[in-house]
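Trainee: Below: sequence and its predicted model.
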Amino acid sequence: MSDMDKDAIRQAWDGVVATARRTAADGLVVGTSGNVSARVGGVVLVTPSGVPYDRLGPRDAVGVDLEGRQVLGDLVPTSELPLHLAVYRGTDAAAVVHTHAVHATAVSTLVAEVPLVHYAAAVLGGPVRTAAYARYGTQELADNMLAALRDRTGCLLQNHGTVTYGNSLDQAYDRTAQLEWMCRLWLTASSVPGHRPTLLTPAQLRDVQDALEGYGQPG
């Protein structure tokens, strides 16, 4: 491995740890639940199983290849490794964030698709689906997740949590935050007695998606 590759892996691992700590600080996970990963070439850096995020340091990096063979570190990778690898094999993702965010997990027990209560759904590619339940760490869960992620960058896992991916750790995390916020919004609006929240139409959402193509600063 060249020094350049080592530097890229070191920087990516620092980002994985920082993002994992952010999920805990922002209340999206409890204890060692949830997990974060980033891809550097053919190596997937992933949080280890059962280790508090505040204890992780530069020497604790865990890396596997796309087949799941460990190529870096001594700690055991997260039990959700099949889920992360499925995203990398099936998409162009550079980073994946999995959480047990409270509001999103609550919504995962109620609906097969998050109602279009806000145009933030456009950030995730459209109406967010709920993947059918399967036990954590199984290939069945990974397969169910991939079906829910079709043409999307995020989904709910029934009675479990959230998965989002992006071109960077920041983007993957931001999509998680948007999904949790949107689920909280729907739960809040739905809780008002005698009222039902208005929902956007598919056409209105497509209009937002078109507008977002030119959003932000040029270049």
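Mentor: Everything's here; your move.

Trainee: Now do the same contact list for Pro127.
Mentor: For Pro127, the residues meeting the contact criterion (Cβ atoms under 8 Å, 6 or more residues apart in numbering) are Glu113, Val114, Leu116, Ala121, Leu205. (C-beta placed from N, C-alpha, C; glycine too.)

Trainee: nearest to Gly194, of these?
Mentor: For the contacts of Pro127, the closest approach to Gly194 (Cβ to Cβ) belongs to Leu116, at 21.4 Å.

Trainee: most centrally placed residue in the chain?
Mentor: The structure's the chain has its C-alpha centroid closest to Thr164; by Cα atoms, centre = their mean the separation is 2.5 Å.

Trainee: Any chance of JSON lines for the contacts of Pro127, columns pLDDT, neighbour count and secondary structure?
Mentor: Listed next are the contacts of Pro127 as JSON lines, based on pLDDT from 0 to 100; neighbours: other Cβ atoms under 10 Å; DSSP: H, G, I helix; E, B strand; the rest coil:
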{"residue": "Glu113", "pLDDT": "98", "neighbour count": "15", "secondary structure": "strand"}
{"residue": "Val114", "pLDDT": "98", "neighbour count": "26", "secondary structure": "coil"}
{"residue": "Leu116", "pLDDT": "97", "neighbour count": "22", "secondary structure": "coil"}
{"residue": "Ala121", "pLDDT": "97", "neighbour count": "24", "secondary structure": "helix"}
{"residue": "Leu205", "pLDDT": "96", "neighbour count": "18", "secondary structure": "helix"}
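
Trainee: Would you mind listing the buried residues in stretch 22-37?
Mentor: Residues Arg22, Thr23, Ala24, Leu28, Val29, Thr32, Gly34, Asn35, Val36, Ser37 are the ones in stretch 22-37 that count as buried (16 or more other Cβ atoms under 10 Å).

Trainee: buried set for stretch 60-74?
Mentor: Using 16+ other Cβ under 10 Å as the test for burial, stretch 60-74 gives Ala61, Val62, Gly63, Val64, Leu72, Gly73.

Trainee: Now, those residues that are in strands?
Mentor: Secondary structure of these is defined by DSSP state E; positions in strands are Gly63, Val64, Leu72.

Trainee: so what pLDDT did the last one get?
Mentor: It stands for Leu72. Leu72 is assigned 96 on the pLDDT scale.

Trainee: do the second one as well
Mentor: Here, the pLDDT recorded for Val64 equals 98.

Trainee: Let's verify Gln171: helix, strand, or coil?
Mentor: With DSSP: H, G, I helix; E, B strand; the rest coil as the basis, the three-state label of Gln171 is helix.

Trainee: Any idea how many residues pack against it?
Mentor: Gln171 has 18 neighbouring residues, counting by other Cβ atoms under 10 Å.

Trainee: how close does it sit to His160?
Mentor: Note on Gln171: its distance to His160, by Cβ to Cβ, to the nearest Å, is 22 Å.

Trainee: now do Asp151
Mentor: Computed with Cβ to Cβ, the distance linking Asp151 and His160 is 21 Å.

Trainee: try Gln209
Mentor: Distance, Gln209 to His160, by Cβ to Cβ: 27 Å.

Trainee: higher neighbour count, those two?
Mentor: His160 (23 against 15).

Trainee: wait, doesn't Val102 sit right on Gly27?
Mentor: Yes - in terms of Cβ atoms under 8 Å, Val102 counts as a neighbour of Gly27; the distance is 7.3 Å.
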